[in-house]
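>>> model this:
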Amino acid sequence: MAKIRHLRPEIARLGYAAMPDDDFTPKLGRKRPKDGKKVVKYGGRILAAARLAGTKTGVRARRFDGSRIGRGASMGRLLSSRERLAGFRSRRAVVKASLIRLQGKAGQVARAHMRYIQRDGVTREGLPGELYGPRTDRADGDDFLKRTDGDRHQFRFIVSAEDGAEYPDLKPYVRRLMTQVEQDLGTKLDWVAVDHFNTERPHTHIVLRGVDDRGDNLIIAREYISHGLRERASELVTLDLGPRTDQEIEARLRHDVDQERLTAIDRRLLRRMDADRVVSPADNDPFQQSVAAGRLRKLKAMDLAEDIGSGRYRLASGLEDTLRRMGERGDIIRLMQRELTARRLDRAGVEQVISSGERAPIVGRLIQRGFSDEHGDRHYVLVDGVDGRVHYVDIGRGDATPTVPEGAMIRIDPSKAETNRADRTIDAVARANDGRYSVDLHLRHDPSASEAFATRHVRRLEAMRRAGAGPDRLADGNWTIPDDHLARAEAYAARQQRDRPVTLSIVSRSPVAELAVRQASTWLDRELAEGGHGAIRDAGFGREVRTALAARRQWLIEQQLADGERSAFRYRDGAINSLRQRELREAGQRLGSDLGKRFEPARTGERIEGVIARKVDLESGSFAVVERSRDFTLVPWRDVLDRNIGKAASGILRADGISWQFARGRSGPQIS
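Alright, predicted model coming up:
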C-alpha cells in the first residue's frame with residue numbers, strides 16, 4: 001500500500017481522481033509474454049487435451065457409470081484391454097459373480113446357500129461337497145458363517161475353466177486365482193470354496209466375505225468383476241495347460257460348424273457383417289474360410305441365413321438370440337434324456353414347457369428338481385406327466401417354491417401377472433373412506449362380506465408391504481392406500497410372476513399304485529368324482545395312473561362306497577367325507593401315542609383354541625395339530641401358520657377354513 005500512496009501524484013497527473021485509501025483496489029490484468037502471444041494456463045491445456053480425447057477425434061468420451069469405483073478398478077481396465085487382444089490360443093474361463101446383501105433374513109439365505117454347495121452328489125465320487133479355504137482342505141462352514149455376522153454383504157463367484165476336467169484337483173488352481181485377486185485388490189481376503197463335478201464342466205463355488213483386511217467394507221470395482229476375474233482365471237488355466245494347439249482349435253471349430261447353438265464362428269461372422277447384415281466367408285486363412293462357409297450353409301439350412309449369390313449371405317435379424325435359445329433347448333433335451341436313462345424310464349417323447357397363461361395345467365410325478373441358473377437361484381422341475389410325456393418347467397426362484405420330495409404327484413399351474421379382485425376391492429373401499437382401509441371399513445362398505453373374507457384382503461396388503469410395494473400400516477391397524485394402489489399392485493404381481501412363473505402344489509406324496517387301497521380321500525378319488533381324467537393317456541406314466549384308477553374303482557365298490565362301472569360309476573352319499581374321517585381318526589391315533597393326549601375331531605362351527613404344535617401332511621391335505629390341555633385336534637392347514645408354530649391361537653372352524661387370531665407366546669391363554 002505504501003507504493004500505491006507513492007503513486008498517487010502520478011495518478012492525479014494522468015487525470016484520474018484520487019480515491020480514499022480504503023477504497024483504492026488495484027485490478028491486475030493478464031500477464032503477457034514479451035512476444036505478445038497469449039499465455040495458456042495449465043488448466044486450459046488439460047481441458048484442451050480432454051477435448052482432443054473426446055468427440056472431436058471421433059472417439060466418444062466414456063460417460064461415468066460407477067464401474068470404476070472400488071478396489072481393482074485400474075487393474076480391471078488393464079485386463080479388459082488385454083482380454084480384447086487375446087487370441088484363439090488362450091484357454092477360456094467363465095466367471096459368474098453376484099453380490100448378496102446380508103440384511104434381515106439374508107443370514108438364513110446364506111446358510112441355505114452353504115448347505116446347497118455342500119450337497120450330496122457333487123464330487124467325482126458322488127459324495128457331498130467338501131468346503132475348503134486358502135490354507136485348509138476342510139473348512140468349517142459354521143465358523144465361516146459366524147465370521148460373517150455383522151458383514152454388510154458377501155460376494156459369490158462360480159468359476160468354470162473350459163478345460164477344467166483336465167485338472168485332477170481344482171483346489172490349487174482356485175487358491176492361485178484368489179491369491180492373484182488379493183494382489184490385484186491390495187488386501188487379504190476371507191473366503192471358502194467347494195468344487196463341483198456333477199455337470200458337464202467342473203466348476204467351483206466361491207463365497208467371499210465383504211470385508212477387507214482392516215475390517216472395512218470390501219468394495220470391488222465392477223470393471224474388475226466383469227473383466228478382471230475372467231481374464232485372471234483364463235490366464236492361469238492357459239499357464240497350467242498351455243496355449244491351445246492348432247489341432248485343438250481346428251477340432252473345436254470343425255465341431256462348431258454343425259451345432260444348433262451360438263458358436264465362436266457365429267460371433268466372428270456377426271462382427272464381420274455390414275450394415276445390411278451381409279457377410280462373406282472369404283478369409284486369408286483357408287481353414288477359417290472353410291469353416292465359415294460350412295457354418296453359413298448350416299445357418300441357411302436352419303433358415304437363419306439367406307444366400308444372395310456370389311458367395312455372400314444375409315444373416316437373419318435376431319440370429320444371436322435365436323441360436324442362444326436353441327442351445328438352451330438342446331441342453332434341456334440332453335438333461336432330460338440323461339435323467340430318464342438313469343431312472344430307466346422309457347418315454348415316447350419329451351416336451352419343453354414354457355410357462356404362460358395359455359398353457360394347460362401339468363399333472364404328473366416329480367422326476368427331479370434342479371438349478372436352471374445357479375447364479376440367479378432359478379430352479380426347474382422334470383415332470384413325468386399323466387399325458388405320457390416328460391415336461392421341463394422353469395419354476396423361478398428356488399425360495400418361491402416349497403421343497404417337494406422326488407416321486408410325489410404334483411400339479412403345476414401358470415401364474416398371471418395381473419391385479420386380482422382383492423386389489424380392486426381394497427381400492428374401492430379406500431376411495432370411499434378418504435384413502436383408508438381396515439376390516440371394519442370393509443364390512444361397513446360391504447355388509448354382505450364376512451370378517452374372514454375381509455381378513456384375506458389384509459393379508460394381501462401385508463404381503464405387498466413386506467415386499468416393499470405395499471401401503472403403510474398405521475398404529476391403529478388402519479392402512480393408508482395411495483391413489484396409485486392398483487398400479488402398485490400390478491407391478492407387485494409382475495415381480496411375483498417373474499420370481500414365481502408357476503404355482504406348484506403337491507397332489508399326493510405317496511406312489512400312485514399305493515393310493516388304490518388307501519383308507520383316505522386321495523387324488524384318485526378326486527379324479528374319479530370329477531370324471532375329468534380324459535387327459536390321462538394310455539402311455540408312459542399315464543398308463544400307470546389308468547391302472548391305479550381302475551383298481552381304485554374296484555376297491556371302492558368292495559368297500560360299499562361307490563356303485564357302477566366306468567361311465568356309470570358314482571360315489572355313494574357321504575363317501576368322500578367318510579374316507580377323510582377315516583384318515584383323520586387313523587392319524588389322530590398315531591399322533592395321540594406320541595403326544596400322550598386324546599384326539600378329538602373338530603366340527604364345523606366349533607371354536608378352536610389351543611397351541612399350534614406342528615404340521616402334518618395327509619392324503620386329504622395338510623393339517624395343523626392344535627394342542628389343548630387334555631387333548632388335541634386336527635384342522636386344515638394354512639400358510640400363515642408357518643411363522644406361528646408354538647403360539648396360542650383361536651378361531652371358528654368354518655366350511656372355508658379358520659380365521660386365526662394369535663397370542664404372543666406359547667403359554668399365554670389370552671388371544672389378541
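>>> residue 540 touches residue 389, doesn't it?
Yes: Residue 540 is within contact range of residue 389, at 6.9 Å (criterion: C-beta atoms under 8 Å). In this view, the C-beta of every residue, glycine as well, is placed from N, C-alpha and C.
>>> export stretch 217-233 to CSV, keeping only CA atoms.
Coordinates of each C-alpha in stretch 217-233 appear next as CSV, following Å, rounded to 0.1, in the frame of the first residue of the first chain:
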residue,chain,number,x,y,z
ASN,A,217,-16.5,-52.9,3.7
LEU,A,218,-14.9,-54.5,0.7
ILE,A,219,-15.9,-52.6,-2.5
ILE,A,220,-14.7,-54.3,-5.7
ALA,A,221,-14.9,-52.2,-8.9
ARG,A,222,-17.5,-53.5,-11.3
GLU,A,223,-14.9,-53.4,-14.1
TYR,A,224,-12.7,-55.8,-12.2
ILE,A,225,-15.6,-58.2,-11.5
SER,A,226,-16.8,-58.0,-15.2
HIS,A,227,-13.4,-58.5,-16.9
GLY,A,228,-10.5,-58.8,-14.4
LEU,A,229,-11.7,-62.1,-12.7
ARG,A,230,-12.4,-63.8,-16.0
GLU,A,231,-9.1,-62.8,-17.5
ARG,A,232,-7.1,-63.9,-14.4
ALA,A,233,-8.9,-67.3,-14.5
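>>> what residues sit buried inside it?
218-233 (16 or more other C-beta atoms under 10 Å).
>>> cool, and stretch 172-191?
173-175, 177-178, 180-181, 184-185, 187, 189-191.
>>> so what touches it?
With C-beta atoms under 8 Å, 6 or more residues apart in numbering as the test, stretch 172-191 has contacts from 71-72, 75, 133-134, 144, 147, 159, 161, 164, 167, 193, 195, 204, 206-209, 211-214, 218, 220, 224, 228-229, 232-233, 236-237, 240.
>>> I'd like to know which of those are buried.
71-72, 75, 133-134, 144, 159, 161, 164, 167, 193, 195, 204, 206-209, 211-212, 218, 220, 224, 228-229, 232-233, 236-237.
>>> can you list contacts of whatever helix or strand residue 324 lives in?
Element membership of residue 324 [criterion: DSSP states H and E] is helix 319-342. Helix 319-342 has contacts (C-beta under 8 Å, 6+ apart) with 259-263, 266, 270, 299, 304-305, 316, 346-347, 350, 352, 367-368, 382, 390, 392.
>>> 6 Å - rerun?
260, 261, 262, 304, 350, 352, 368, 382, 390, 392 (C-beta atoms under 6 Å, 6 or more residues apart in numbering).
>>> how about residue 610, what does it touch?
Contacts of residue 610 by C-beta under 6 Å, 6+ apart are 626, 627, 628.
>>> filter these to the buried ones?
Using 16+ other C-beta under 10 Å, the buried ones in these are 626, 627.
>>> can you redo the contacts of residue 610 as TSV with distance to residue 525?
TSV is the format used below for the contacts of residue 610 (distance: C-beta to C-beta, whole Å):
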residue	distance to residue 525
626	26
627	30
628	31
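>>> of the contacts of residue 610, closest to residue 441?
Comparing the contacts of residue 610 against residue 441 with C-beta to C-beta places residue 626 closest, at 31.0 Å.
>>> just say helix, strand or coil for the nearest residue to that closest one once chain neighbours are set aside.
Nearest residue to residue 626, sequence neighbours excluded (C-beta to C-beta, 6 or more residues apart in numbering): residue 610, at 4.1 Å. Here residue 610 is strand, with the state taken from DSSP: H, G, I helix; E, B strand; the rest coil.
>>> and residue 610, what's its pLDDT?
With respect to pLDDT, residue 610 scores 91.
>>> likewise the one 10 residues further on?
In the predicted model, residue 620 carries a pLDDT score of 85.
>>> wait, it touches residue 585, no?
No: between residue 620 and residue 585 there is no contact under C-beta atoms under 6 Å: 11.8 Å.
>>> more neighbours: which of those two?
Under the neighbour definition other C-beta atoms under 10 Å, residue 620 and residue 585 were set side by side, and residue 620 has more, 21 against 13.
>>> ok, that one - contacts?
Contact analysis of residue 620 by C-beta under 6 Å, 6+ apart lists 520, 521, 580, 583.
>>> could you do residue 153 as well?
99, 101, 102, 210.
>>> dig out what the closest residue to the last one other than its chain neighbours forms beta bridges with.
For residue 210, the nearest residue in space outside its immediate sequence neighbours is residue 153; the separation is 4.0 Å by C-beta to C-beta, 6+ apart. Beta-bridge pairing of residue 153, defined through DSSP bridges, involves residue 101.
>>> what separation do you get for residue 153 and residue 207?
According to C-beta to C-beta, to the nearest Å, residue 153 stands 12 Å off from residue 207.
>>> residue 651 now?
43 Å.
>>> then residue 633?
45 Å.
>>> okay, who's weakest in the contacts of helix 319-342 by pLDDT?
Minimum confidence in the contacts of helix 319-342 sits at residue 352, scoring 51.
>>> what number of residues are in the vicinity of the nearest residue to residue 156 once chain neighbours are set aside?
Among residues not flanking residue 156 along the chain, residue 98 sits closest, at 5.0 Å (C-beta to C-beta, 6+ apart). Residue 98: 14 surrounding residues under other C-beta under 10 Å.
>>> and for residue 290?
16.
>>> next, the angle helix 319-342 makes with the host helix or strand of it.
According to DSSP H and E, residue 290 maps onto helix 286-301. Helix 286-301 runs at 80 degrees relative to helix 319-342, counting by axes from the mean of the first three to the mean of the last three C-alpha atoms, to 10 degrees.
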